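**Student:** Give the three-dimensional model of this entry:
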Amino acid sequence: MATMISLTCITIFTPGTAFAQSHDVFQKLENVFLGNASASHIRRLVVEAAHRYDMPQQSSSYYEIGDVLVALRTGMNGVTEMQVLQCALVLGSPVYKQQSLDFRDAAAICAATLASG
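**Tutor:** Predicted structure coming up:
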């Protein structure tokens, strides 16, 4: 049975707002991600994902990664953001990386694969 994923980006974090300025992006991700990953662990993986997918090393990229992961988690029956992120890091490694694969595509592939069991 094929799993269909439709990614509609839900902007949970809005860079530039007073709320976004007063809270660290990784602390916010720690608060919304399922599981018990620490802000420092999330930071390490998100920064690495931004690097592997040639995204600027800035908070807007980190917010984008977080938004994608949270949006994909919805309806994925227990698949966590960190599982998808770790899978996307593998797809973004030099061994597997395809030139046309961006983070959103890699995360969607990973979410579908993980959700299908």
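**Student:** Burial check on residue 83, number of neighbours?
**Tutor:** With neighbours defined by other C-beta atoms under 10 Å, the count for residue 83 comes to 19. For glycine as for every other residue, the C-beta is placed from the backbone atoms N, C-alpha and C.
**Student:** Repeat that for residue 81.
**Tutor:** Residue neighbour count, defined by other C-beta under 10 Å, stands at 27 for residue 81.
**Student:** can you start the count at 702 instead of 1 from here on
**Tutor:** That works, and once the first residue is 702, the last one we named lands at residue 782.
**Student:** Please report the distance of it from residue 764.
**Tutor:** Look at residue 782 and residue 764: by C-beta to C-beta, to the nearest Å, they are 13 Å apart.
**Student:** same deal with residue 812?
**Tutor:** Residue 812 sits at a distance of 19 Å from residue 764 (criterion: C-beta to C-beta).
**Student:** And residue 742, by the same measure?
**Tutor:** Counting by C-beta to C-beta, the gap between residue 742 and residue 764 amounts to 18 Å.
**Student:** Of the two, which one has the most company?
**Tutor:** Neighbours were tallied for residue 742 and for residue 764 using other C-beta under 10 Å; the higher tally belongs to residue 764 (21 against 13).
**Student:** Can you report phi and psi for that one?
**Tutor:** Main-chain torsions, residue 764, degrees, to the nearest 10: phi -60, psi -40.
**Student:** Contacts for stretch 791-806, please.
**Tutor:** The list of residues contacting stretch 791-806 from outside it, by C-beta atoms under 8 Å, 6 or more residues apart in numbering, reads 708, 750-751, 753-754, 756, 765-766, 769, 789, 807, 810-811.
**Student:** so where do the strands sit in the protein?
**Tutor:** Per DSSP state E, the chain carries no strands over any range.
**Student:** in it, what spans have low per-residue confidence?
**Tutor:** When the per-residue scores of the chain are filtered using pLDDT under 70, the ranges that remain are 702-724, 798-800.
**Student:** At which residues are the helices of this protein located?
**Tutor:** 719-723, 726-733, 740-753, 760-774, 782-792, 804-816 (DSSP state H).
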